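Q: Pasted the sequence and its predicted model underneath.
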Amino acid sequence: MNTVVFPPAATAPPQSLVSPSGNYNFGTYNGPIPTINPLDAAGTGPLSAVPRQTRNLGLKEWEAFQLGDDDWFVLGAVYNAKALGLLQVLVVNKQAATIARWETKLPSPMLTVARGLDDTISSGEFGGLRIEIGNNLPDGALTVDAVHHGTALKAPLALHVTGHADQAGDLVVVHPFDDNKALYSHKTMMPASGSLAIDGERVGLADDRGFLILDDHHGDYPRPMKYDWVTGIRRSAAGVIEGFNLTDNQIRNPGVFNENALWIGDQVHRLPAVHVTRPDGPWGKWYIRDDAGAVDVTFTPTVQSTQHVGPRKMLAEYYAPYGWYEGTIEAETASMKVDGVFGVGEQKRISV
């Protein structure tokens, strides 16, 4: 068996995503970057207006969350693909293996994805659905509010959750696609409290069992944009957050640059590069492994979810099942048996 080679330890964050020289500050960091300024990679002088507009149109930006408790798992996002915007809240009943969807596509100028997590808001409202994510990570505050008043075909939704970011560990990545294009992602996992109500009935979150994952994301992705991703989270019997994030994407040198990590409480443990195989397709079992056996995880989908665009999925092919994990993850100084963890996976290819 190969020897496990773990990525370098995360370091203190720089002041900005892009330095005054116009270069990305590539690296992996253990706290928020105060200034998220991806367009400055195109320059800041009087002749930079067109390059900045061009870069902005190619930038995929979203602030997403996964939250829930022992019985429920919720995924939501304010997503700006520039060609199109998306607001969504998907609610999964783990044991019943059912999914309820509140989502709407909209012109991208009608939503806002925050750049930076210090006193900012990501929000949008369209088609009866309103989502607002309030960010104040330096003060340990994160809020998620989503409301739909319902229609003849759709039950009302009311989601109001507070994430306790002062009890969270941060994984912040600025990783290269090439010399001047980057993936910026800030992921963190934390305890949460609040309420989830469907059709006027509160169904979650159970007291002292809530959890929340934040995913703040801005990427100069190649075309087509492609990646495999899985994440899962739970509260232990003692109430401790336990979760993981595993991704195989298009970044350079994934042995050094990756967003693979294990969360236990407020500690983040980096993991080696992984690959994902699906011998029976997206609805069969997924196998997530590294080359040396530190990550040995199987994902069994129980709830299907897709979103395809264009003839023969030409513009976007996207599978996002929910289900259960089993296996083990071994970091340098921590380990986790993931049997019984619930979460979501994505197989994504987008050309727009």
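A: Yep, it's here. Residues are numbered from 1 along each chain as shown.
Q: Just give the closest residue to Ala97, not the sequence neighbours.
A: Leaving aside its sequence neighbours, Ala97 sits nearest to Thr302 (Cβ to Cβ, 6 or more residues apart in numbering; 4.4 Å). C-betas here are computed from N, CA, C, even on glycine.
Q: Where do the strands of the stretch 151-300 of the chain begin and end?
A: For the stretch 151-300 of the chain, applying DSSP state E, counting those that start in this stretch gives strands covering 157-164, 169-178, 181-198, 201-204, 210-219, 225-235, 241-248, 261-264, 267-270, 275-277, 286-289, 295-303.
Q: would you turn the ones you listed into JSON lines with mean pLDDT, distance to Asn80 and mean neighbour count?
A: Below are the strands of the stretch 151-300 of the chain laid out as JSON lines (pLDDT from 0 to 100; distance: least, Cβ to Cβ, whole Å; neighbours: other Cβ atoms under 10 Å):
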{"stretch": "strand 157-164", "mean pLDDT": "98", "distance to Asn80": "21", "mean neighbour count": "21"}
{"stretch": "strand 169-178", "mean pLDDT": "97", "distance to Asn80": "19", "mean neighbour count": "21"}
{"stretch": "strand 181-198", "mean pLDDT": "98", "distance to Asn80": "14", "mean neighbour count": "22"}
{"stretch": "strand 201-204", "mean pLDDT": "94", "distance to Asn80": "28", "mean neighbour count": "14"}
{"stretch": "strand 210-219", "mean pLDDT": "97", "distance to Asn80": "10", "mean neighbour count": "24"}
{"stretch": "strand 225-235", "mean pLDDT": "96", "distance to Asn80": "14", "mean neighbour count": "20"}
{"stretch": "strand 241-248", "mean pLDDT": "98", "distance to Asn80": "20", "mean neighbour count": "24"}
{"stretch": "strand 261-264", "mean pLDDT": "98", "distance to Asn80": "25", "mean neighbour count": "24"}
{"stretch": "strand 267-270", "mean pLDDT": "98", "distance to Asn80": "27", "mean neighbour count": "19"}
{"stretch": "strand 275-277", "mean pLDDT": "98", "distance to Asn80": "26", "mean neighbour count": "15"}
{"stretch": "strand 286-289", "mean pLDDT": "98", "distance to Asn80": "28", "mean neighbour count": "21"}
{"stretch": "strand 295-303", "mean pLDDT": "98", "distance to Asn80": "26", "mean neighbour count": "20"}
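Q: Throw these into a markdown table and include distance to Ser123, thanks.
A: Listed next are these as a markdown table, based on distance: least, Cβ to Cβ, whole Å:
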| stretch | distance to Ser123 |
| --- | --- |
| strand 157-164 | 14 |
| strand 169-178 | 22 |
| strand 181-198 | 17 |
| strand 201-204 | 23 |
| strand 210-219 | 14 |
| strand 225-235 | 23 |
| strand 241-248 | 24 |
| strand 261-264 | 26 |
| strand 267-270 | 28 |
| strand 275-277 | 32 |
| strand 286-289 | 33 |
| strand 295-303 | 27 |
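Q: Distance of the residue of the chain positioned farthest from its centre relative to Lys285?
A: Centroid-distance maximum for the chain: Pro46 at 35.1 Å, with Cα atoms, centre = their mean. As judged by Cβ to Cβ, to the nearest Å, Pro46 and Lys285 stand 56 Å apart.
Q: show me what contacts the nearest residue to Trp324 once chain neighbours are set aside?
A: In this structure, Trp324 finds its nearest non-sequential neighbour in Thr300, 5.3 Å apart by Cβ to Cβ, 6+ apart. By Cβ atoms under 8 Å, 6 or more residues apart in numbering, the contact set of Thr300 is 285-286, 323-326.
Q: what bridges to the most centrally placed residue in the chain?
A: With distances taken as Cα atoms, centre = their mean, the residue of the chain nearest its centroid is Asp215 (3.6 Å). Counting by DSSP bridges, Asp215 forms beta bridges with Ala64, Lys187.
Q: before we move on, what about the one 4 residues further on?
A: In this structure, Gly219 has the following beta-bridge partners (DSSP bridges): Lys60, Leu183.
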